[in-house]
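Visitor: Provide a 3D model corresponding to the input given below.
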Amino acid sequence: MLVAPYRVGVDVGGTFTDLVLVDARGEVRAFKSPSVPANPTKGVLAAVELAAQYLKGSPKTFLTNTNLFVHGSTIATNTLLEKKVPRLDCWSRKVFATRWKFVVQSERIFGTIVDHSHKF
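Guide: Residues are numbered from 1 along each chain as shown. Now for the predicted structure:
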């Protein structure tokens, strides 16, 4: 049986929401629930419910016994990595110039980060 207080980390992804629970002794348990892209909160609450059921308690008791709750999301990261970002057109020279300045400065710091083959 896990011992309170708990530390919890939740990651909301495009397909699944993962919850990792660490108890006071360092024991680790992981729970996975389907993500709900239209409402990511539902995936988080479902994962909390799974953890509470495992502990044979309610979500309220589980969260009351949680000292740290960290939340993150890979939805935006995955969207960029999978190149599922819709094409954006620049509507003004000012916007384009600002964007280009950012790209050039970023490349000086991080190296090439933009595929310049895109046509605007």
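Visitor: all contacts plus neighbour counts: C-alpha atoms, from now on.
Guide: OK.
Visitor: show me where pLDDT drops low in this structure?
Guide: For the chain, the stretches flagged by pLDDT under 70 are 76, 80, 85-120.
Visitor: what segments of it are strands?
Guide: 6-12, 16-22, 28-34, 66-73 (DSSP state E).
Visitor: so what's A30 closest to, chain neighbours aside?
Guide: Ranked by Cα to Cα, 6 or more residues apart in numbering and with sequence neighbours excluded, the top spatial neighbour of A30 is V20, at 4.4 Å.
Visitor: so the one you found touches E27, yeah?
Guide: No: using Cα atoms under 8 Å, V20 is not in contact with E27, being 10.4 Å away.
Visitor: quick one: the strands of the chain as JSON lines, columns for mean neighbour count too.
Guide: Formatted as JSON lines, the strands of the chain follow (neighbours: other Cα atoms under 10 Å):
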{"stretch": "strand 6-12", "mean neighbour count": "21"}
{"stretch": "strand 16-22", "mean neighbour count": "22"}
{"stretch": "strand 28-34", "mean neighbour count": "17"}
{"stretch": "strand 66-73", "mean neighbour count": "14"}
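Visitor: got JSON lines for those, with distance to E49 too?
Guide: As requested, the strands of the chain are exported to JSON lines (distance: least, Cα to Cα, whole Å):
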{"stretch": "strand 6-12", "distance to E49": "13"}
{"stretch": "strand 16-22", "distance to E49": "10"}
{"stretch": "strand 28-34", "distance to E49": "9"}
{"stretch": "strand 66-73", "distance to E49": "14"}
